[in-house]
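S.K.: no sequence for this one, just the structure:
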């Protein structure tokens with residue numbers, strides 16, 4: 001994370017037109033590679049995958065994740081064979097300064113009519129998908145991340161239960177004796193267990209800036225516990241779940257806040273000093 005100086009432009013803000021300090025998270029965004037197209041057809045129990053086609057050429061690191069055919073030619077998909085189409089993409093961690101080389105694969109749904117979906121998928125097959133193809137500065141996005149793992153923790157830290165009076169019952173930490181159900185495994189009773197390393201979604205994060213030149217945000221010596229950003233980047237207002245170097249997925253806001261919608265602010269300064 002770092003901080004920026006920007007001109008407040010949110011409607012109704014008491015500081016509108018003034019220069020304010022905003023905390024932002026730097027997200028490195030190497031392009032996704034479109035490696036295939038999947039076709040889905042509506043069945044009695046929802047949509048079911050009916051066909052998949054792959055690109056002619058593959059990234060050299062993709063074999064770490066998928067079993068690839070030795071020779072393959074893309075199938076000739078038609079709009080009549082399915083009800084919707086999706087892009088099969090994979091990440092390219094080898095483009096970053098991380099030691100990781102194994103890519104992750106996932107599907108991206110497409111909007112519009114199925115004819116438009118198929119045409120767009122054919123145009124993108126085998127090419128890179130950059131953030132500017134999906135998002136724009138000032139948009140609200142949903143963030144999906146795996147949080148930091150805390151391991152096995154007690155009920156007090158995990159569920160914020162209050163400490164019991166030391167003379168009232170045996171033990172201070174954990175659920176109080178509130179009834180016969182205290183000792184069972186009901187989800188309503190606080191118990192020790194796994195804390196962190198969960199998938200969590202944050203809605204309506206503000207995409208403040210999208211940049212192409214990493215020199216604008218790289219401090220001398222690189223970011224602490226991360227290194228040097230080598231690819232296009234995004235600045236997200238506030239914090240984002242998960243530790244550094246872990247994959248984060250962004251999607252268009254499923255329920256955007258219409259009251260807070262505004263254009264990207266005018267940024268006057270980006271701090272590139274020592275990071276915490």
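M.R.: Looks like it arrived, so ask away. What you are looking at is a predicted structure, and each value in this text was computed from that prediction instead of being measured.
S.K.: Let me know whether residue 73 touches residue 55 as I believe.
M.R.: No: the pair residue 73 / residue 55 is not scored as a contact, 9.8 Å apart, by C-beta atoms under 8 Å. Heads up, the C-betas are built off the backbone N, CA and C, glycines and all.
S.K.: Those two - which one has more neighbours?
M.R.: Taking neighbours as other C-beta atoms under 10 Å, residue 73 and residue 55 compare with residue 55 leading, 19 against 10.
S.K.: And residue 168, its phi and psi?
M.R.: With angles defined as degrees, to the nearest 10, residue 168 sits at phi -80, psi -50.
S.K.: For the chain, just list every one of the helices.
M.R.: 114-124, 155-159 (DSSP state H).
S.K.: which regions of the stretch 51-200 of the chain sit below the pLDDT cut-off?
M.R.: Applying pLDDT under 70 to the stretch 51-200 of the chain flags residues 178, 181-184.
S.K.: what sits against residue 247?
M.R.: Contacts for residue 247 (C-beta atoms under 8 Å, 6 or more residues apart in numbering) come out as 91, 104, 145-146.
S.K.: if you look at these, which of them are in strands?
M.R.: Assigned to strands by DSSP state E, the following of these qualify: 145-146.
S.K.: The contacts of residue 247, buried ones only, as a ChimeraX selection?
M.R.: Per 16 or more other C-beta atoms under 10 Å, the buried members of the contacts of residue 247 correspond to this ChimeraX selection:
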select :91,145,146
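S.K.: what ranges do the strands span in this protein?
M.R.: Using DSSP E, strands in the chain cover 2-7, 19-28, 32-43, 46-54, 84-90, 105-109, 128-129, 140-146, 149-153, 193-196, 199-211, 233-237, 248-252, 266-270.
S.K.: As JSON lines, these with distance to residue 69 would be great.
M.R.: Formatted as JSON lines, those follow (distance: least, C-beta to C-beta, whole Å):
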{"stretch": "strand 2-7", "distance to residue 69": "44"}
{"stretch": "strand 19-28", "distance to residue 69": "31"}
{"stretch": "strand 32-43", "distance to residue 69": "11"}
{"stretch": "strand 46-54", "distance to residue 69": "7"}
{"stretch": "strand 84-90", "distance to residue 69": "14"}
{"stretch": "strand 105-109", "distance to residue 69": "15"}
{"stretch": "strand 128-129", "distance to residue 69": "22"}
{"stretch": "strand 140-146", "distance to residue 69": "31"}
{"stretch": "strand 149-153", "distance to residue 69": "37"}
{"stretch": "strand 193-196", "distance to residue 69": "39"}
{"stretch": "strand 199-211", "distance to residue 69": "31"}
{"stretch": "strand 233-237", "distance to residue 69": "35"}
{"stretch": "strand 248-252", "distance to residue 69": "27"}
{"stretch": "strand 266-270", "distance to residue 69": "46"}
